[in-house]
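Q: My questions concern the predicted model and sequence given below.
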Amino acid sequence: ARSGDPERAKEIFDAMPRKDVISWNATVSAYAQNGHSAEAMVLFDRMPQHDVVSWNAIITSFGDGFDPDSGFRIFAEMEERNLVSWNAILEAHTKSGHLSQSINIFDRMPQRSVISWNLMIAANARHGNPDEAERFFDQSPELDAFSWTTLLTLRSDLGQLQEAMACFAAIRRKNNVSFKSIASWNTLLTANAQNSHIAESRLIFEGMEHRDASSWNSIVCAYFLNGIPDRATDLFRKMPAWNMISWNTMITGYAHNDRGTAAIQLFRTMDLEGFTPERATFIAILGACSSIPAIDASFVDLIQALVVDAGLHVDRIIANALISLYAKSGSLERAARIFHAMAESDHRDVVTWNAMIAAHARSGNGKLAIWTFHAMLLEGLIPDAITLMVVLSSCSHAGLVDQGWQILASAIAGDHSLALTDDHFACLADLLARSGRLGEAEEVVTSKIVNPGEVLGWKTLLGASKNHGNIDLAARSAEWLFRLDQKSSAASYILL
């Protein structure tokens, strides 16, 4: 039962020649504690007699199954209740997010323990009620490590670092060894890391008497978050043991610090070390690959094979990333294969379509990109701002001026419920300018629907006017850029 194998416990129970209430309770608890509330209830109903332990086990099982109403019906039938019974029904409601009912139960309790108070502190913390959580904390006649750690976590999550540090200092002043838990240190370490307080994070880490894997992972993450990947790498190498979170943290950290090649090398090392990638790993490595200018299709093949082995090929986020990477590596056929496979499982969303439209645009097939866009509309999906940018960019590079105009006009008319941005109109200006229609491009940039301070549009006009030999437009564009963006003055002179 304690090893998490209720079926084996049931086999032993069935083989027993004589069964007493203790053996019945043990078997019911085996199912209850391992998330099998229905099986626990069937066995409970078969019991020749119940005691308070039996009832408590069933209430706990419904709480773990997020079914507090069933738990409360059982609770109401109990002839005898003890503190464990009250805590079990209270926990069932706090776990399910029923805060008002939890308060009602707490107020009715004939007696309370530190567990009762901790449940209310944690429930209010989860509901974003810091003042109420602190009120229960202050009123609790007894506090333990969980009480303090819950309050510390709450302060940290709210970014109240001074209050969190004060709470932590109070924990350290306690004589009870349990108050000096690694969890408290890790909570404060993570809070400082997430708020870019790297110096404080380092001091906390170095001051820890004992560290676990979470401690090491947190400090590594801290250095990545603060843009110090080399130090993060050094600490990773010094870790006494790695877990999957360690590898995921490193790969994600490299991706966020534009070190895609290092992420790929680490991914290969992870495989050699015998670690099996999980969903978070795949999302991290695919993100890292997207930051590399030229990605080898064979490596994308390797990732896809591992994804299939892990049974994650139907995961929408992973599949979308694979489509983008295959397109980036020039393997349009492989990208299309994944795209069409997703249609069979009805897993395609607007991001999937955007990836495929961009894949065709990247390959220089503007007409196919537009066809895919219209196919997306026929599927009933609503395009987003990225869809429109990708389609307009595709039209621009393919010289499909009329189609680009038509698509943008449809968006302006409100057909797609899109909030158009200056970037969309700058893209239209680029479309017109590339086709030599410089006058119309200038009208778009200077129109009232575009922010007059939009730099990108004028840069587009400046480059196009140079290519088409329109000196007057080049001068006007450069003058606007000088007014709007002093930093671009040197670049404007070069283009001019």
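A: Perfect, thanks for sending it.
Q: hey, let's count contacts and neighbours off CA atoms from now on
A: Will do.
Q: tell me the centre residue of this protein?
A: Ala280 (9.2 Å; Cα atoms, centre = their mean).
Q: Against Leu152, how distant is the residue nearest to that residue when sequence neighbours are not counted?
A: What sits nearest to Ala280 in space, not counting adjacent residues and going by Cα to Cα, 6 or more residues apart in numbering, is Asn248, at 6.7 Å. Separation of Asn248 from Leu152 (Cα to Cα, to the nearest Å): 26 Å.
Q: One more: Asp258?
A: From Asp258 across to Leu152, the span is 33 Å (Cα to Cα).
Q: which parts of stretch 224-244 are buried?
A: For stretch 224-244, the neighbour count (16 or more other Cα atoms under 10 Å) marks 224-229, 232-233, 235-236, 242 as buried.
Q: any idea which of those residues is the one closest to Ile412?
A: Leu225 (39.9 Å; Cα to Cα).
Q: List the contacts of the closest one.
A: Neighbouring residues of Leu225 by Cα atoms under 8 Å, 6 or more residues apart in numbering: 193-194, 196, 253.
Q: Pick out the most distant pair among those residues.
A: The two members of the contacts of Leu225 with the most space between them (Cα to Cα) are Ser196 and Gly253, at 14.4 Å.
Q: between these two, which one's more packed in?
A: Using other Cα atoms under 10 Å as the criterion, Ser196 and Gly253 rank with Gly253 on top: 27 against 16.
Q: could I get the strand or helix carrying the more buried one in PDB with only the CA atoms?
A: Under the criterion DSSP states H and E, the helix or strand holding Gly253 is helix 244-256. Provided in PDB are the C-alpha atoms of helix 244-256 (Å, rounded to 0.1, in the frame of the first residue of the first chain):
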ATOM      1  CA  MET A 244      16.000  16.500 -16.000                       C
ATOM      2  CA  ILE A 245      15.200  20.000 -14.600                       C
ATOM      3  CA  SER A 246      19.000  20.700 -14.600                       C
ATOM      4  CA  TRP A 247      19.300  19.900 -18.300                       C
ATOM      5  CA  ASN A 248      16.100  21.700 -19.200                       C
ATOM      6  CA  THR A 249      17.300  24.800 -17.300                       C
ATOM      7  CA  MET A 250      20.600  24.800 -19.200                       C
ATOM      8  CA  ILE A 251      19.000  24.300 -22.700                       C
ATOM      9  CA  THR A 252      16.400  27.000 -22.000                       C
ATOM     10  CA  GLY A 253      19.000  29.300 -20.600                       C
ATOM     11  CA  TYR A 254      21.200  28.900 -23.700                       C
ATOM     12  CA  ALA A 255      18.200  29.600 -25.900                       C
ATOM     13  CA  HIS A 256      17.300  32.800 -24.100                       C
END
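Q: buried stuff in stretch 421-437?
A: Quick answer for stretch 421-437 (16+ other Cα under 10 Å): 422-437.
Q: Go through those and name the one nearest Arg348.
A: Ranked by distance to Arg348 (Cα to Cα), the buried residues of stretch 421-437 are led by His424 at 24.6 Å.
Q: one step back: could you dump the buried residues of stretch 224-244 into JSON lines and include distance to Gln49, secondary structure and pLDDT?
A: As requested, these are exported to JSON lines (distance: Cα to Cα, whole Å; DSSP: H, G, I helix; E, B strand; the rest coil; pLDDT from 0 to 100):
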{"residue": "Phe224", "distance to Gln49": "59", "secondary structure": "helix", "pLDDT": "94"}
{"residue": "Leu225", "distance to Gln49": "58", "secondary structure": "helix", "pLDDT": "90"}
{"residue": "Asn226", "distance to Gln49": "61", "secondary structure": "coil", "pLDDT": "90"}
{"residue": "Gly227", "distance to Gln49": "64", "secondary structure": "coil", "pLDDT": "92"}
{"residue": "Ile228", "distance to Gln49": "64", "secondary structure": "coil", "pLDDT": "94"}
{"residue": "Pro229", "distance to Gln49": "63", "secondary structure": "helix", "pLDDT": "95"}
{"residue": "Ala232", "distance to Gln49": "60", "secondary structure": "helix", "pLDDT": "96"}
{"residue": "Thr233", "distance to Gln49": "61", "secondary structure": "helix", "pLDDT": "97"}
{"residue": "Leu235", "distance to Gln49": "58", "secondary structure": "helix", "pLDDT": "96"}
{"residue": "Phe236", "distance to Gln49": "56", "secondary structure": "helix", "pLDDT": "97"}
{"residue": "Trp242", "distance to Gln49": "50", "secondary structure": "coil", "pLDDT": "95"}
